[in-house]
Structures are given as structure tokens and as C-alpha cells.
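Undergrad: only geometry, no sequence info:
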Ligand SMILES: [Zn+2]
């Protein structure tokens with residue numbers, strides 16, 4: 001421990017000397033953009049506090065480096081403390097908590113025998129706290145090569161180039177007529193965050209499939225129209241040991257301090273690509289559904305149109321259809337699109353105004369059995385909503401309750417599982433399914449807005 005403290009002390013002294021020499025030698029333009037590892041000026045008298053989080057059971061540590069500037073204290077003074085995670089956690093202090101959190105991430109990603117990545121120049125995160133900022137490193141700071149670090153901080157900046165805007169005419173959702181609901185919904189689903197939030201609110205965990213505009217007649221013979229959105233749970237065909245082995249292998253390709261959720265996500269993605277998702281779906285697996293309504297908000301007149309004010313009964317009827325096929329949670333998703341009439345600033349304003357308008361009119365349905373979701377897509381004039389604009393988060397008020405499966409849903413669920421079973425096994429953790437606009441058959445879509453299976457190209 002004493003040895004480690006001495007090494008860190010020597011490292012900081014060398015770093016400070018090298019930094020000051022590089023500063024003296026740097027041009028004015030470089031000086032303007034210097035990234036110090038503290039991102040602060042090291043010319044004035046400075047002192048360092050170094051806190052190390054270590055556990056003898058593991059061959060790694062985390063470091064917090066705090067810079068103080070007290071003209072009455074000797075320049076370059078270093079205070080070093082080395083503590084165990086448990087002791088640091090007891091301090092209940094922001095910096096200590098960050099250190100412990102980093103250490104915990106590394107512990108989860110560590111497997112004996114894994115290779116350590118070389119110290120990365122940019123590894124580590126800077127935090128601003130009330131009593132000054134500090135830098136957390138997933139490593140011992142003395143492992144950073146000083147020459148590389150200085151060269152990295154004092155590099156010349158490359159000029160920022162503004163990309164020219166595409167010149168095609170944007171296709172705004174506000175201007176669509178017949179297909180507005182389906183296109184708006186599919187556009188909204190293009191954002192993975194939106195898909196995740198929708199599934200989360202419906203209580204569905206990945207792996208799963210979801211279908212957009214599924215013909216009702218496919219599941220309920222004789223019924224007309226479409227189910228706007230139906231999703232069903234799937235399962236991974238893996239044992240816990242297989243799962244752990246896969247995760248350990250993937251964790252070794254990440255920096256040790258990477259957040260464990262990134263590795264979890266990579267592991268499920270890879271497992272799905274490798275065909276580990278159980279298929280066809282089990283008819284008794286959890287099903288959920290959503291009916292979609294789209295309203296237009298015109299910021300010029302502050303008018304929210306087509307709010308389906310007298311449609312409450314009809315929507316509840318549609319939601320009851322979802323119950324007939326065995327959905328245990330169902331909700332109305334109310335999307336609002338705005339009139340494109342300016343840039344980002346206007347879009348942001350219209351977003352807020354549309355939402356206020358919506359709140360004064362809502363909820364569109366009040367029913368004990370169903371939820372009500374809403375979200376706004378605000379457009380900008382120069383590009384359509386696939387590329388630009390503002391969006392709110394999904395708001396669920398109320399969330400749908402979980403209901404018992406209806407007894408008459410056995411047959412519809414079997415029919416649905418059979419129809420899906422004809423498709424190839426999903427290769428995505430969240431698999432979109434659509435009906436082809438040309439040949440009207442179900443297909444596994446690579447993206448929610450893909451509405452052609454490729455049949456016309458083949459023919
Ligand atoms: Zn087709």
C-alpha cells in the first residue's frame with residue numbers, strides 16, 4: 001500500500017511538471033482547447049486528493065482525483081487515502097459513492113483470467129460537485145502513460161464541419177391523410193427508446209415480438225379492421241450456465257468499468273442473433289395490446305384537432321377486442337403531431353403547448369380496465385419526423401391494470417401463435433412483425449416502418 005501511494009505521488013509530480021512544460025510550449029490556438037485530465041487550469045498552485053477504492057480479493061481499483069487550489073498550501077501537495085468499498089460506502093458522500101459504484105461495475109464484469117485493457121486516456125468520468133469537481137478513473141492513475149496523456153490533452157483541434165441539409169421535400173405526418181395513424185405510429189416506433197417505454201408500460205420484457213396493424217380476421221374470424229399493436233412475450237432457450245458463459249465472454253471485450261447494463265444488452269442481442277429465442281410463440285404466453293389515435297396540433301391557431309371527442313365508446317370497443325384475443329393489459333396510445341412551421345425552437349414550444357392543450361381535454365377514455373398513454377411528436381419545417389423534431393416521453397396516466405385472461409381467448413391465441421409460427425425465428429430481442437402492403441402476408445420486419453416484404457422485387 002505504501003508502495004502504491006509513493007508511485008501515485010511520483011506520478012502526479014511528473015504529470016504536473018510535464019503539463020506545465022507543455023503549456024509553455026503550446027500555441028495560442030492549442031491553449032484555447034487544452035483538455036487537461038482535470039479540465040482545469042494547472043498553472044496556479046494546486047493540491048491533489050487521491051482516493052483509492054480497493055479490495056484485496058480483486059486485482060483492480062478505482063481512483064478519484066480531486067483538485068484543490070489553496071494558495072497557502074504547498075503547490076503539488078498530494079493527500080492519498082486507500083479504502084475498502086464497504087468503508088467508503090459508509091461515508092455516504094457523493095465522490096465516495098461514485099467510486100464504490102464504479103468498483104461494483106468492475107466487480108460484476110470481472111472474471112478470473114480476463115485480460116486487462118491498457119489504461120485508456122479517456123477512461124474515467126469527470127463529476128461536478130458542490131465542493132469542486134473530481135475525476136473518477138477505473139484504474140490506478142499511475143498506470144496512465146504521462147507522455148500520451150499530455151499529447152492527448154494538447155492536441156490541435158480539427159475544425160467542426162456543418163453537414164449540408166438534404167434537399168428532398170420532407171414528408172410531414174401533419175400532412176398525411178388516410179394512412180396517418182399507421183405511419184405516425186410506425187415513425188414513432190422507429191425510436192428504440194419509444195418501443196422500450198411502450199413495452200415497459202405494458203409490462204412486457206424482452207425477448208418479445210410485436211405486430212403493427214395486424215388484421216383482426218386473422219385471429220377473430222369474420223372481424224373487420226386491424227389491431228394497431230399487439231405484443232407477446234417470448235423466452236430464451238438457454239440454461240443459466242450457458243447464459244453466464246456468454247456474458248463472461250462478452251464482458252471480456254469491454255473495459256472493466258463499463259456499466260453492466262451495456263454488457264447485459266449485448267448479451268441478449270447476441271443470443272437473439274444466434275437463434276436462442278424460443279419459437280414459435282407459446283399460445284399461453286402473455287399478450288398485450290394498444291389502440292392508436294393520432295391528433296393534429298396547429299401551433300399557428302393553438303388548435304388541437306380531431307380529438308375524437310365522441311369516440312370514447314368506439315375506442316373502448318376496440319380495446320375490448322384486444323381482450324377477446326387474450327391481452328392481459330391494453331391501453332389507448334394517443335399521439336399528437338404538430339404543424340411544421342419553423343425550426344427546433346418553435347418545435348419545442350409547440351410541443352409544450354400541444355401537451356397543455358391535451359391535458360385540458362384528457363383523458364379521452366375513462367375505463368377501469370384500460371390504460372391511457374400519450375406522446376407528442378413536434379416537427380420542424382426542414383426535415384420530416386424520421387430525421388428531426390422534438391418528442392415528449394411516453395406518458396402513462398393511468399397505467400393499464402393487469403386483467404385475468406378471458407376464457408374464450410384460447411382459440412384466438414392458438415390461431416395467433418400458429419400464424420406467427422409460420423415466420424422464421426426472430427433474430428432481434430424485440431422483433432417487429434408487419435403485414436406486407438403488397439401481398440398482405442405477415443413478415444418479419446427489419447424495422448417497424450418497413451411495410452413491404454420484398455415480394456414485388458422478387459416477382
Ligand atoms: Zn409481400
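TA: That came through, no problem. Just so we're clear, the structure is a prediction, and the values are computed from it rather than from any experiment.
Undergrad: Wait, residue 272 touches residue 279, no?
TA: No - the pair formed by residue 272 and residue 279 falls short of the contact definition of C-beta atoms under 8 Å, at 10.7 Å. C-beta: built from backbone N, CA, C; applies to glycine.
Undergrad: Between those two, tell me which one has more neighbours.
TA: Set residue 272 next to residue 279 and count neighbours by other C-beta atoms under 10 Å: residue 272 wins out with 21 against 18.
Undergrad: So for the host helix or strand of the more buried one, mean pLDDT?
TA: Secondary structure assignment for residue 272, by DSSP states H and E: helix 260-273. The pLDDT scores in helix 260-273 average 94.
Undergrad: Distance from that helix to the middle of the chain?
TA: 13 Å (C-alpha atoms, centre = their mean, to the nearest Å).
Undergrad: returning to that earlier point: okay, and the common contacts of residue 272 and residue 279?
TA: Residues touching both residue 272 and residue 279 by C-beta atoms under 8 Å, 6 or more residues apart in numbering: residue 426.
Undergrad: Output the lowest mean pLDDT helix or strand found in this structure.
TA: strand 125-129 (a mean of 66; mean pLDDT, DSSP states H and E).
Undergrad: does the residue at the greatest distance from the centre of the chain count as helix, strand or coil?
TA: Computed with C-alpha atoms, centre = their mean, the residue of the chain farthest from its C-alpha average is residue 72, at 46.9 Å. What DSSP: H, G, I helix; E, B strand; the rest coil gives for residue 72 is coil.
Undergrad: Against the ion, how distant is it?
TA: Residue 72 sits at a distance of 78 Å from the ion (criterion: C-beta to the ion, to the nearest Å).
Undergrad: Can you list the helices and strands that the lengthiest helix in the chain packs against?
TA: Criterion DSSP state H: the longest helix present in the chain is helix 2-25. With contacts defined as 3 or more C-beta pairs under 8 Å, 6 or more residues apart in numbering; DSSP states H and E, helix 2-25 has these neighbours: strand 47-54, strand 77-83, helix 146-153.
Undergrad: State the mean pLDDT of the last one.
TA: Taken as a whole, helix 146-153 has an average pLDDT of 85.
Undergrad: Just the buried residues of the helix or strand following that helix, please?
TA: Downstream of helix 146-153, the first helix or strand assigned by DSSP H and E is helix 180-189. Neighbour counts over helix 180-189 (16 or more other C-beta atoms under 10 Å) mark 180, 181, 182, 183, 184, 185, 186, 187, 188, 189 as buried.
Undergrad: This protein: helices as residue ranges?
TA: 2-25, 28-32, 85-91, 94-109, 146-153, 180-189, 192-201, 240-251, 260-273, 312-324, 344-361, 410-421, 455-458.
Undergrad: Format those as JSON lines; extra columns: distance to residue 288.
TA: Formatted as JSON lines, these follow (distance: least, C-beta to C-beta, whole Å):
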{"stretch": "helix 2-25", "distance to residue 288": "54"}
{"stretch": "helix 28-32", "distance to residue 288": "54"}
{"stretch": "helix 85-91", "distance to residue 288": "39"}
{"stretch": "helix 94-109", "distance to residue 288": "31"}
{"stretch": "helix 146-153", "distance to residue 288": "49"}
{"stretch": "helix 180-189", "distance to residue 288": "15"}
{"stretch": "helix 192-201", "distance to residue 288": "8"}
{"stretch": "helix 240-251", "distance to residue 288": "25"}
{"stretch": "helix 260-273", "distance to residue 288": "20"}
{"stretch": "helix 312-324", "distance to residue 288": "8"}
{"stretch": "helix 344-361", "distance to residue 288": "23"}
{"stretch": "helix 410-421", "distance to residue 288": "13"}
{"stretch": "helix 455-458", "distance to residue 288": "30"}
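Undergrad: so which of those helices gets nearest the ion?
TA: Comparison of the helices of the chain against the ion by C-beta to the ion identifies helix 455-458 as nearest, at 3.2 Å.
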